[in-house]
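> Okay, predicted coordinates and the sequence, questions at the end:
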Amino acid sequence: MKFEGRTLQILKNFASINPSLQFKQGSFITTISPVKTLMAKAAIKEHIPHTFAIYDLSRFLGVLSLFESPTLNMEERLLTVSGSGRKVQYTYADPKLIVTPGDKEIKLPSVDVEFDLKSDTLQSVLKAMGVLGLPEIAVTGEDGTLSIQAIDSKNPSSDKFSVDIGTTNLTFRMIFLAENIKILNEDYRVSISSKGLAHFKGSDIEYWIATESSSTFKGD
């Protein structure tokens with residue numbers, strides 16, 4: 001088996017969410033942050049033959065980078081990475097040492113806000129967070145305008161970056177910590193529940209992200 005470039009991109013993203021990963025038999029991989037505020041699920045083109053765990057995913061990806069086009073042979077207790085006459089035998093971790101998502105499908109308790117988030121909009125907000133040193137992203141509905149913002153909700157006098165993305169008849173401010181916006185930069189269909197959870201759905205990857213308790217939702 002060889003991991004395609006897209007799969008490696010997803011794995012690098014997952015390593016930023018949780019340093020460990022349990023691969024399950026099949027063609028989906030999932031992860032969850034250690035504090036369980038961010039979960040991700042992706043469909044991959046490869047078929048994983050059986051379940052195994054990697055304790056240090058970044059280290060594992062580093063091993064793969066030692067090869068130009070590595071072949072992976074997944075055995076019962078270890079996997080062998082090989083190519084061009086070289087090989088590495090990589091031992092699996094104990095699954096009990098890893099924080100993993102449950103098997104139950106996540107469903108939003110309600111869908112109160114929906115919109116399309118374009119990759120260039122997402123990138124501009126994330127860039128503004130870094131430039132302005134802001135710790136949060138907010139999706140807001142105010143005076144008929146739907147916008148996404150980089151903010152510091154704990155400091156009313158702080159700078160704010162805002163992009164208008166549509167219209168709404170609702171009044172709300174749903175806040176996300178920057179540390180939970182560890183998502184690939186692409187287009188998403190976003191659904192937000194006023195009960196404290198959002199769903200970002202991309203082409204082959206999706207994220208469930210908790211909103212902060214300081215979020216507000218007044219409705220119409």
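Received it, and whenever you're ready, just let me know what you need.

> from the chain's centre, how far out does the longest strand anywhere in the chain sit?
With DSSP state E setting the assignment, residue counts place strand 38-48 as the longest strand in the chain. Remark: strand 38-48 is offset 11 Å from the chain centroid, using CA atoms, centre = their mean, to the nearest Å.

> In the sheet, which strands lie alongside it, parallel or antiparallel?
Partner strands and pairing direction for strand 38-48 (DSSP bridges) are strand 26-32 (antiparallel), strand 205-210 (antiparallel).

> Tell me which of those strands is the most buried.
Neighbour counts (mean count of other CB atoms under 10 Å) averaged over each of the strands paired with strand 38-48 peak at strand 205-210, with a mean of 21. Where you see a C-beta, it was placed from the backbone N, CA and C, and this is true even at glycine.

> Against which helices or strands is the next helix or strand after the longest strand of the chain packed?
Per DSSP states H and E, the first helix or strand lying C-terminal to strand 38-48 is strand 52-54. Packed against strand 52-54, as judged by 3 or more CB pairs under 8 Å, 6 or more residues apart in numbering; DSSP states H and E, are the following elements: strand 21-23.

> Quick one: mean pLDDT for the strand it packs on?
Confidence over strand 21-23 (mean pLDDT, whole number) is 96.

> And stretch 67-76, by the same measure?
If you average the pLDDT values across stretch 67-76, you get 91.

> for stretch 150-165, same thing?
Here the average pLDDT along stretch 150-165 is 94.

> Kindly format the C-alpha coordinates of that stretch as PDB.
In PDB, the C-alpha atoms belonging to stretch 150-165 read as follows (Å, rounded to 0.1, in the frame of the first residue of the first chain):
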ATOM      1  CA  ALA A 150     -11.400  37.400  14.100                       C
ATOM      2  CA  ILE A 151     -11.900  38.800  17.600                       C
ATOM      3  CA  ASP A 152     -11.000  38.800  21.300                       C
ATOM      4  CA  SER A 153     -14.300  38.500  23.100                       C
ATOM      5  CA  LYS A 154     -12.700  39.100  26.500                       C
ATOM      6  CA  ASN A 155     -11.400  42.500  25.400                       C
ATOM      7  CA  PRO A 156     -14.200  44.800  23.900                       C
ATOM      8  CA  SER A 157     -11.600  47.400  22.900                       C
ATOM      9  CA  SER A 158      -9.400  45.000  21.000                       C
ATOM     10  CA  ASP A 159      -9.000  45.100  17.200                       C
ATOM     11  CA  LYS A 160     -11.500  43.100  15.000                       C
ATOM     12  CA  PHE A 161     -11.300  41.800  11.500                       C
ATOM     13  CA  SER A 162     -14.600  41.000   9.700                       C
ATOM     14  CA  VAL A 163     -15.700  39.500   6.400                       C
ATOM     15  CA  ASP A 164     -19.400  39.700   5.300                       C
ATOM     16  CA  ILE A 165     -20.500  36.400   3.900                       C
END
